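# prediction below, plus the sequence it came from.
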Amino acid sequence: QKEVEQNSGPLSVPEGAIASLNCTYSDRGSQSFFWYRQYSGKSPELIMSIYSNGDKEDGRFTAQLNKASQYVSLLIRDSQPSDSATYLCAVRRNNDMRFGAGTRLTVKP
Amino acid sequence: GAVVSQHPSWVICKSGTSVKIECRSLDFQATTMFWYRQFPKQSLMLMATSNEGSKATYEQGVEKDKFLINHASLTLSTLTVTSAHPEDSSFYICSATTGTYYEQYFGPGTRLTVT
């Protein structure tokens, strides 16, 4: 079992729709959870972090964390073509961060 | 805030030569820096973790004598690819952590091509 699992996609949504990205992790001791966006040929960019159960909203982005289910998700509302990228889920325990392989999202105009 | 720079952004070198890549945290002191490698259409692969003033911890399968890491200060880490070969051609990305929650901030990456 991979430590951090994501559906590789590609996930395709029409412009204006909600994109839902999911991630599961295996280490119950994980403390912090992050979502990164990576455009093709570029390095990852931190877009959301979440540390406790529940929802955290930042603009069009909402991160959801359920530690009991070992599940973290990212919702992107009103998706735009500029959101087309690979989204990486990252999970941290102490100073050890593990990344998922990423989900490729395409937002079609 | 939390800006990380890398230099150079791209480099072409001949097989057998060495290349040094610098990673700097510009507006914060990084407790830990990380070096990743990413091949086209593949996921990030952690190469090593380094703390200022101590030896880097390399991931399994990464040759520490080939990929030399020096973390001389809280704002600077360097990766030297020694005796580079074409199979070392890749996108090398550093990141740095700060703060209570250890979020990682990535540099823009260095694209290495070995001919």
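Thanks, I have the structure now.
# can you show me the strands along the chain?
Picked chain A for this. A:4-6, A:11-14, A:19-25, A:32-38, A:45-50, A:54-58, A:61-66, A:71-76, A:85-93, A:96-99, A:103-108 (DSSP state E).
# please refer instead to chain B.
Counting by DSSP E, the strands of chain B are B:4-7, B:10-13, B:19-25, B:32-38, B:45-51, B:57-58, B:67-73, B:76-81, B:90-98, B:103-106, B:110-114.
# okay if I get the ones you listed as JSON lines plus distance to chain A?
For the C-beta atoms, the positions are set from N, CA and C on the backbone; glycine is no exception. Output for these, formatted as JSON lines (distance: least, CB to the nearest CB, whole Å):
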{"stretch": "strand B:4-7", "distance to chain A": "8"}
{"stretch": "strand B:10-13", "distance to chain A": "11"}
{"stretch": "strand B:19-25", "distance to chain A": "11"}
{"stretch": "strand B:32-38", "distance to chain A": "6"}
{"stretch": "strand B:45-51", "distance to chain A": "8"}
{"stretch": "strand B:57-58", "distance to chain A": "10"}
{"stretch": "strand B:67-73", "distance to chain A": "14"}
{"stretch": "strand B:76-81", "distance to chain A": "14"}
{"stretch": "strand B:90-98", "distance to chain A": "5"}
{"stretch": "strand B:103-106", "distance to chain A": "4"}
{"stretch": "strand B:110-114", "distance to chain A": "8"}
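# ok, residue A:2 - contacts?
A:26, A:100, A:101 (CB atoms under 8 Å, 6 or more residues apart in numbering or on different chains).
# low-confidence ranges, the chain, go.
I went with chain A, as the question did not name one. A:1 (pLDDT under 70).
# the intended chain is chain B.
Using pLDDT under 70, chain B drops low at B:1, B:99-101.
# list the contacts of residue B:113.
Contacts of residue B:113 by CB under 8 Å, 6+ apart are B:10, B:11, B:12, B:13, B:89.
# what's opposite the closest residue to residue B:13 other than its chain neighbours in the beta bridge?
Closest residue to residue B:13 apart from its sequence neighbours, by CB to CB, 6 or more residues apart in numbering or on different chains: residue B:19 at 5.1 Å. Judged by DSSP bridges, the bridge partners of residue B:19 are residue B:81.
# picking up where we left off before, for the contacts of residue A:2, pick the one with the most neighbours.
When neighbours are taken as other CB atoms under 10 Å in any protein chain shown, the top entry among the contacts of residue A:2 is residue A:100 (27 neighbours).
# surely that one meets residue A:9?
No: in this structure, residue A:100 is not within contact of residue A:9 by CB atoms under 8 Å, at 11.6 Å.
# next, count neighbours for the residue nearest to residue B:13.
18.
# that one against residue B:115, yeah?
No: counting by CB under 8 Å, residue B:19 does not reach residue B:115; the two are 12.0 Å apart.
# what do those two both touch?
Going by CB under 8 Å, 6+ apart, residues that sit against residue B:19 and also against residue B:115 are residue B:13.
# ok, residue B:4 - contacts?
Applying CB under 8 Å, 6+ apart, the residues contacting residue B:4 are B:23, B:24, B:25, B:26, B:30, B:94, B:95, B:96, B:105, B:106, B:107, B:108.
# re earlier: need the contacts of residue A:2 in TSV with distance to residue A:39, can you?
Output for the contacts of residue A:2, formatted as TSV (distance: CB to CB, whole Å):
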residue	distance to residue A:39
A:26	28
A:100	17
A:101	16
